[in-house]
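Enquirer: How does the following fold in three dimensions:
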Amino acid sequence: MKKLLLSLVAVAALAFNANAQTEKGKIILGGNVGFNSTKVDGAAKADFNFSVVPSVGYFIGNNFAIGTGVGYTYDKSVSNLEQNEAFRVAPFGRYYVNLTEQFKFFGQLSVPLAFGTEKAVNANGDTGAKTGTTTSIGVNVAPGFAFFPNKKIGIEFSVNGLGYENFSNKLEATGAKVKTNSFGLEANTFAPKLGVQFHF
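Expert: As a prediction, the model looks like this:
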C-alpha cells in the first residue's frame, strides 16, 4: 500500500511539473535569429541578410499566453541592387493542449508588422539613396508541438501554416504607393521550424 501511495504521489508530481510550465502567471522567452550570406560568381560583394526578433509572453490563463516579438531585419542584395532595413513587431496569442505529461500541441495566432526603408545599391555593393518607405502587416496561424524535457525548457517543432500579408512601398521619387497582397498555406513538414522556448 505504501509503494502504491508513493507511486501515485510521483505521477501526480510529474503531471504537476509538466502543467506548471504553461499555467497562469508563467513567462515564456524565445525568439529567432537568422543570418545568411550568398556570393554570386562575378558579383563585387555577397548578398547578406540578418534578423533578430526576441519575444516574450505571459500566461494570462492556464495554457494560454499572449506576448510580442520586437526586433530588426537587414537585407542587402547586390544581385537585385537594393537594401532593405525594417523594425519588426509581432504580437501573438498561443494556446497549448496537453497530449501527455511532456508533450503539448499548440496553435499560435500572430500579427507580424514591419516598418522600414528601401535603398538603392550599385553593382559594386555600395549603398545609395533612399528609394522608398515600406510597411508590412500580416496575420499568421501556425500549429506546432512542444516537448518539455524539464520545467524550464520547451523544444518546439512547428510549420508556418496559414498566412496573409499586405505589403506597401511608398516610392521616394514620386510618392506613389506600390501594394502587394499575398495569401497562402505552407505546411511543409520537410522544412519545419525547430526552436527552444524558456519558461519561468
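
Enquirer: Keeping just the C-alphas, turn stretch 96-108 into CSV.
Expert: The C-alpha trace of stretch 96-108 is given here as CSV (Å, rounded to 0.1, in the frame of the first residue of the first chain):
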residue,chain,number,x,y,z
TYR,A,96,-1.5,24.8,-25.6
VAL,A,97,-3.3,21.4,-25.4
ASN,A,98,-1.9,18.7,-23.2
LEU,A,99,-1.2,15.4,-25.1
THR,A,100,0.9,13.7,-22.4
GLU,A,101,2.9,14.8,-19.4
GLN,A,102,5.7,16.1,-21.6
PHE,A,103,4.2,16.7,-25.0
LYS,A,104,1.8,19.5,-25.9
PHE,A,105,0.2,20.7,-29.1
PHE,A,106,-0.1,24.4,-29.6
GLY,A,107,-1.7,26.8,-32.1
GLN,A,108,-0.3,30.4,-32.4
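
Enquirer: switch to numbering from 224
Expert: Yep, numbering from 224; the last one is stretch 319-331 now.

Enquirer: And the next helix or strand past the helix or strand of the chain with the lowest mean pLDDT?
Expert: Every helix and strand of the chain was ranked by mean pLDDT, DSSP states H and E. The lowest is helix 225-243, at a mean of 40. Per DSSP states H and E, the first helix or strand lying C-terminal to helix 225-243 is strand 250-261.

Enquirer: Which residues does that following strand contact?
Expert: 269-282, 288, 290, 292, 294, 377, 418-423 (CB atoms under 8 Å, 6 or more residues apart in numbering). The way it works is simple: take the backbone N, C-alpha and C, and place the C-beta from them, glycine included.

Enquirer: Thanks again, I'm all set now.
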